[in-house]
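Asks: generate a structure from the sequence data that follows.
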Amino acid sequence: MPDLSSMMRYTTFAGVVAASLLCLIAALIWTWWMLIPAAMFIFLSLLGLHDVRQPHHSILRNYPVLGHMRFLFEGIRPEIRQYLIESDQDEEPFSRDARSLVYQRAKGQEDKRPFGTRERVYDAGYSWVTHSVAPVEIEDCDFRVRIGGPACTHPYDASLYNISAMSFGSLSANAIQALNTGAKLGGFAHDTGEGSVSRYHKAGGGDLIYQVASGYFGCRAEDGTFDPEKFRETASLDQIKMIELKLSQGAKPGHGGMLPASKITPEIAEARGIPMGEDCVSPAAHSAFSTPIEMMQFIGQLRELSGGKPVGFKLCIGHRREFMCMVKAMLETDIVPDFIVVDGTEGGTGAAPVEFSNHIGMPLIEGLTFVHNTLRGAGLRDQVRIGAAGKIISAFDLARALALGADWCNSARGFMFSIGCIQAQACHTNHCPVGVATQDPIRQRALDVGSKSQRVARFHDNTLKALGEMTGAAGLKHPGDFMPQHLMVRLGDKEMAEGNDAYPYLPMGFLFDNQSDVGADYRKRWARADAASFAPPPC
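Replies: Numbering: from 1, shown residues only. Just a heads-up that it's a prediction; the model follows:
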């Protein structure tokens, strides 16, 4: 015989059944208007009966009707936390302070803050830029860097801040067109992502970086391999200024992907060069090359097919020896990419397995420092420009990346915020509430291309103006002049380090100087690297 406390679980269910009967009686002897609440309570009674009988949810079997409150609150938990609980500095993954800064600059609103910093300046990890008593006034903040090595016949003068890779298909048509139109208005570049060049990229008219990934979208043969003639046709578009070979991305390095047939629209199929009605697979690895030397030869082929446009590659650093294999292949083949984009594991607009997002890939600062110093050690740094991507949305983020070796920076989520992203983190559900990351035509209708493109251009412009002010405050004339010594990093409550000590520039050519103690760890890894193979050497 169950005790009274165990029967209390059914109190709510019993209550709605009793309310149903009372409302029906009241409708018979008082007023027919009581049929309205009666219908509601009858519905809840039937729901409770279903809850008791269903086998899937223990909570609903034990707490019929009432148990649904648990699932309701679980469903809106991210919104409750975001709007009511989290502090302005909680990074989930971007703090409210960071998002607000983007919104304000995109809308042209006041972005100044009163009453001092809210940063915890004595906590380990806090960093800052050292300033000068002789600041410089910088009037022109349209900062540029020329990308294109000796083998490039059509170099590109890129902005120091550009839109990182996000594909049409991941983002809506309106989002892509707004981003690219904004890039046109602001005079900066927009990376297509691996989904190739869509009609919405073309409609915007802005400069494009055409990304070639393992699926070879836009240059894909019927069997999924690389098609040189299709690539030549796509790369010949005037809008395309650079070619980026994607090896990995910060969101899910070393992981492929699949776009189910049910999500492929005629417009996505058109952009990617894939058939309707079939799953679209992006393999984890490229089929066009399998060794470092073959990779450099493929880069040379892309440069030739594109008519001499800058060609480079993007990666999130994993096995450091493998990157050194690539650098050795550059030296052996004399084919040097025009640029390398380093993506940090903190980057990621694409949905990814949690283990990949959290525990695979090197963070940007360490990855950038390693790539920069390896190229210096091999004597190639002057020939290769370095881009950096990974949660770069403020002028300080830009200045820090430039000081640590980057020549320019890219941002994906920063520009998503500029067109209205609210960090709902529903990108993979097709239910984006603001029409940014969805293919639902009704949802994306909420995103107005005209107004949002203005915000994209305004965010870019105001961020570079803030970078110019920060550069001048440091006594420098151009952001490219930032060096590690302009950074300070707090290691603990009473200890801080200069950027030169925390992230030093190693000497040019040090990988070939076996007499020096500088960079000994690099040289050990360099000795194990092989231009002919990515495979590890025998133990």
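Asks: elements contacting the lengthiest helix in the chain?
Replies: Ranked by residue count under DSSP state H, the longest helix found in the chain is helix 449-473. When contacts are defined as 3 or more C-beta pairs under 8 Å, 6 or more residues apart in numbering; DSSP states H and E, helix 449-473 sits against helix 96-107, strand 161-163, helix 173-186, helix 395-403, helix 413-418. C-beta coordinates here come from the backbone N, C-alpha and C atoms, glycine included.
Asks: so for that helix, what gets flagged as buried?
Replies: Buried positions in helix 449-473, judged by neighbour count with 16 or more other C-beta atoms under 10 Å: 449, 452-464, 466-468, 470-472.
Asks: list the buried residues in the next helix or strand after that helix.
Replies: Using DSSP states H and E, the helix or strand that follows helix 449-473 in sequence is strand 487-492. Neighbour-count burial for strand 487-492, counted by 16+ other C-beta under 10 Å, picks out 487, 489-490.
Asks: same question, stretch 296-315
Replies: For stretch 296-315, by 16+ other C-beta under 10 Å, it's 296-303, 305-306, 309-315.
Asks: give me the subset of these that lies in helices.
Replies: 296-303, 305.
Asks: now the buried residues of strand 487-492 in CSV, with distance to Ala399 and pLDDT?
Replies: Output for the buried residues of strand 487-492, formatted as CSV (distance: C-beta to C-beta, whole Å; pLDDT from 0 to 100):
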residue, distance to Ala399, pLDDT
Leu487, 8, 93
Val489, 13, 91
Arg490, 17, 91
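Asks: reformat the residues you listed as TSV; add distance to Gly387.
Replies: TSV is the format used below for the buried residues of strand 487-492 (distance: C-beta to C-beta, whole Å):
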residue	distance to Gly387
Leu487	19
Val489	23
Arg490	28
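Asks: circling back: so which of the helices and strands packed on helix 449-473 comes closest to Ser45?
Replies: In terms of C-beta to C-beta, the element of the helices and strands packed on helix 449-473 nearest to Ser45 is helix 96-107, at 42.8 Å.
Asks: wait, Gly405 touches His372, no?
Replies: Yes. Assessed by C-beta atoms under 8 Å, Gly405 is found in contact with His372 at 3.0 Å.
Asks: intersection of neighbour lists for the two?
Replies: Residues touching both Gly405 and His372 by C-beta atoms under 8 Å, 6 or more residues apart in numbering: 386, 505.
Asks: separation between the residue lying closest to Ala151 once chain neighbours are set aside and Glu233?
Replies: Excluding the flanking residues, the one nearest Ala151 by C-beta to C-beta, 6 or more residues apart in numbering is Arg303, at 6.4 Å. Look at Arg303 and Glu233: by C-beta to C-beta, to the nearest Å, they are 16 Å apart.
Asks: low-scoring stretches of the stretch 101-250 of the chain, by residue?
Replies: 250 (pLDDT under 70).
Asks: try it again with 90
Replies: For the stretch 101-250 of the chain, the stretches with pLDDT under 90 are 109-126, 169-170, 222-224, 248-250.
Asks: now do the strands in it.
Replies: 127-129, 144-147, 156-159, 161-163, 189-191, 207-212, 240-246 (DSSP state E, counting those that start in this stretch).
Asks: nearest to Ala520, out of the ones you listed?
Replies: Comparing those by C-beta to C-beta, strand 127-129 comes nearest, at 26.7 Å.
Asks: adjacent strands (with direction) for that closest one?
Replies: strand 487-492 (antiparallel) (DSSP bridges).
Asks: against Gly377, how distant is Tyr505?
Replies: For Tyr505, the distance to Gly377 - C-beta to C-beta - is 10 Å.
Asks: next: His486.
Replies: Distance from His486 to Gly377, by C-beta to C-beta: 23 Å.
Asks: the more surrounded of Tyr505 and Gly377?
Replies: Gly377 (24 against 18; other C-beta atoms under 10 Å).
Asks: who touches the nearest residue to the more buried one once chain neighbours are set aside in this structure?
Replies: Using C-beta to C-beta, 6+ apart and skipping residues adjacent in sequence, the residue nearest Gly377 is Leu511, 3.6 Å away. Leu511 makes contact with 374, 377-378, 519, 522-523, 526 under the criterion C-beta under 8 Å, 6+ apart.
Asks: so Leu511, which of the three states?
Replies: helix (DSSP: H, G, I helix; E, B strand; the rest coil).
Asks: circling back to that earlier point, now the longest helix of the chain against helix 96-107, angle please.
Replies: On the basis of axes from the mean of the first three to the mean of the last three C-alpha atoms, to 10 degrees, helix 449-473 is oriented at 110 degrees to helix 96-107.
Asks: and helix 449-473, how far out from the chain middle?
Replies: 19 Å (C-alpha atoms, centre = their mean, to the nearest Å).
Asks: sorry, back to before: in CSV: the helices and strands packed on helix 449-473, plus distance to Ser20.
Replies: Below are the helices and strands packed on helix 449-473 laid out as CSV (distance: least, C-beta to C-beta, whole Å):
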stretch, distance to Ser20
helix 96-107, 45
strand 161-163, 57
helix 173-186, 47
helix 395-403, 59
helix 413-418, 48
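Asks: would you list these in CSV and tack on mean neighbour count and distance to Pro253?
Replies: As requested, those are exported to CSV (neighbours: other C-beta atoms under 10 Å; distance: least, C-beta to C-beta, whole Å):
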stretch, mean neighbour count, distance to Pro253
helix 96-107, 20, 24
strand 161-163, 27, 21
helix 173-186, 25, 24
helix 395-403, 24, 19
helix 413-418, 27, 17
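Asks: so which of the ones you listed gets nearest Ala535?
Replies: helix 395-403 (32.1 Å).
Asks: and the helix or strand following the closest one, what does it pack against?
Replies: Counting by DSSP H and E, the next helix or strand C-terminal to helix 395-403 is strand 408-411. On a contact count with 3+ C-beta pairs under 8 Å, 6+ apart, strand 408-411 meets strand 161-163, strand 385-389, helix 395-403.
Asks: turn these into a markdown table, columns for distance to Tyr210.
Replies: Formatted as a markdown table, those follow (distance: least, C-beta to C-beta, whole Å):
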| stretch | distance to Tyr210 |
| --- | --- |
| strand 161-163 | 13 |
| strand 385-389 | 15 |
| helix 395-403 | 23 |
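Asks: ok, Met488 - contacts?
Replies: With contact taken as C-beta under 8 Å, 6+ apart, Met488 is in contact with 127-130, 496-499.
Asks: what bridges to His190?
Replies: Bridge pairing for His190 - DSSP bridges - gives Ile163, Leu208.
Asks: phi, psi for the residue nearest to Val65 when sequence neighbours are not counted please.
Replies: Closest residue to Val65 apart from its sequence neighbours, by C-beta to C-beta, 6+ apart: Gly48 at 4.4 Å. Backbone torsions of Gly48, given as degrees, to the nearest 10, read phi -60, psi -40.
Asks: ok, Gly48 touching Phe13?
Replies: Yes. At 4.0 Å, Gly48 counts as touching Phe13 under the criterion of C-beta under 8 Å.
Asks: which one's more surrounded, the two?
Replies: Higher neighbour count among Gly48 and Phe13: Gly48, with 24 against 21, using other C-beta under 10 Å.
Asks: against Leu21, how distant is the more buried one?
Replies: In terms of C-beta to C-beta, Gly48 sits 14 Å off from Leu21.
Asks: likewise Ile340?
Replies: Ile340 is 73 Å from Leu21, by C-beta to C-beta.
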